[in-house]
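J.: Give me coordinates for this.
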Amino acid sequence: MSRTYTPREMLETLISFNTVSDRSNLELIAFVEDYLAGLGVRCHRVADESGQKAALHALIGPAVDGGIVLSAHTDVVPVEGQDWSRDPFSAWEAGGRLHGRGSADMKGFAATVLAKVPDFLAARLTKPIHIALSYDEEVGCNGAPPLIKDMLAKGPRPDIVFVGEPTNMKVVTGHKGITVLKTTVHGHPVHSSQLHRGVSAISTAAALIGWMDRQTAANRAKADPDCPFEPPYTTLHCGMIKGGQAHNITAQHCEFVTDIRLLPGESAAVWVSRYKAFIEAEILPAMQAVSPACRVDVTEIANVPGLREEQDGLAETTARRLTGDNARNVVVYATEGGIFQEHGLSTIVCGPGSIDQAHQPDEYIELAELDRCADFLDRLVRGISKFDS
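T.: Modelled structure (predicted):
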């Protein structure tokens, strides 16, 4: 029999596992497996190709269709370069806040769910509760697709997904998608005094980034004033760039990384196609007129769909009933919610903590938020349980 945990105790334990996305999360996964096994709950591990990371899903209650997924990611963002006052992977309390990497984003939700498993088991559930823990959300939601595929293949099929990203327990019904692109420009180097004989990869990159800026400006100009997102349009942004060898050589190589933050319903494929068409029509001819070896490579690093607002969606109506939140809430950051929704599952985002604390030094979650999340789960269980008359 596993020991029982309070949400706070479980969160302190989860924080102690350093699951920065460039590291393995297997120690945390093994801990959760052992904990659930001690309670008599069977888990399914879904490993990545390297075998160094894994997702996990478990089912509690009757093996029937129509259950509810409680979803969280196990990875966290790096701490390097941040001014932490204490060890980021050893939780500490101050002023009613529990500090540590991942406390808000999003081990607080995972901890509360796991701490509540004994209560889930004690209830006479009429529908199952699925627990879904993923990896690599922070680097492109890479772990969610195989997790969802495996969960649906093994059955039963749930109806509702609650993704527990930090929303202060508000019901978020929509978010933007994100597509991340790496563009590598291969130019033709010459001495800069003979500029006309060369192709600067940096200048070409600047032209491509300028195209993206113009698209953002055009989207801003035609934005729907009733759109609930802020900003209310799709944005294209370059966040990283490197290239060149010396001030007096036309750059042979330049690489930059951009993201496209899409309104729900917009197609990432359409935007990527437009970008590539611009390169083919406006960029390559002039480059290759100087040197046929010049080229531009575009690689898709991540593609996460947005979460669409559902008309009378079951997840939304259920979450609003449990929280009492009837406001229209959307966010501009991406989550795994859109991926669940693409698989035909009604999905919302709702979890403890504030996104303002995510990725910050001395990240924290208000302990009262854990209590609110626990109350939410208690109400959820009561809503899908039988009671003796």
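J.: State the distance from C373 to T13.
T.: From C373 across to T13, the span is 17 Å (CB to CB, to the nearest Å). Where you see a C-beta, it was placed from the backbone N, CA and C, and this is true even at glycine.
J.: So these two - more neighbours on which side?
T.: Neighbours were counted for C373 and for T13 using other CB atoms under 10 Å; C373 has more, 25 against 19.
J.: does T173 sit in a helix, a strand or a coil?
T.: Classification of T173 using DSSP: H, G, I helix; E, B strand; the rest coil returns strand.
J.: is it true that it touches V330?
T.: Yes. When contacts are counted by CB atoms under 8 Å, T173 is listed as touching V330 (6.6 Å).
J.: Quick check: neighbours shared by those two?
T.: Residues touching both T173 and V330 by CB atoms under 8 Å, 6 or more residues apart in numbering: E309.
J.: Of those two, which one has the most company?
T.: T173 (26 against 18).
J.: what about V332, neighbour count?
T.: 17.
J.: What pLDDT does the model give it?
T.: Looking at V332, its pLDDT reads 92.
J.: what sits against it?
T.: With the criterion set at CB under 8 Å, 6+ apart, V332 makes contact with 175-176, 229-231, 261.
J.: 7 Å instead, please
T.: If you count contacts by CB atoms under 7 Å, 6 or more residues apart in numbering, V332 has them with 175-176, 229-230, 261.
J.: how does the chain divide up, domain by domain?
T.: 7-174+307-383, 177-304 (automatic domain parsing).
J.: Out of these, flag the one nearest M1.
T.: domain 7-174+307-383 (5.7 Å; CB to CB).
J.: how long is that closest one from one end to the other?
T.: 21 Å (CA to CA, to the nearest Å).
J.: And that domain, how far out from the chain middle?
T.: 11 Å (CA atoms, centre = their mean, to the nearest Å).
J.: Give me the below-cutoff pLDDT ranges for the protein.
T.: For the chain, applying pLDDT under 70 flags the ranges 387-389.
J.: which residues of it fall in helices?
T.: With DSSP state H as the criterion, the chain has helices at 7-15, 26-38, 108-115, 117-122, 144-154, 201-221, 268-278, 284-290, 314-323, 337-342, 367-383.
J.: how close does the residue lying closest to L208 once chain neighbours are set aside sit to Y233?
T.: Leaving out its chain neighbours, the residue that sits closest to L208 by CB to CB, 6 or more residues apart in numbering is T183, at 6.2 Å. For T183, the distance to Y233 equals 22 Å [CB to CB].
J.: Next, work out how far apart the nearest residue to A94 once chain neighbours are set aside and G164 are.
T.: Distance criterion CB to CB, 6+ apart; nearest residue to A94, sequence neighbours excluded, is Y364 at 7.9 Å. Separation of Y364 from G164 (CB to CB): 17 Å.
J.: So which of these two has more stuff around it?
T.: Ranked by neighbour count (other CB under 10 Å), Y364 and G164 place G164 first, with 27 against 23.
J.: so what's the more buried one up against?
T.: 70-72, 106, 109, 350-351 are the contacts of G164 under CB under 7 Å, 6+ apart.
J.: For G174, which residues are in contact?
T.: 264, 307-309, 330.
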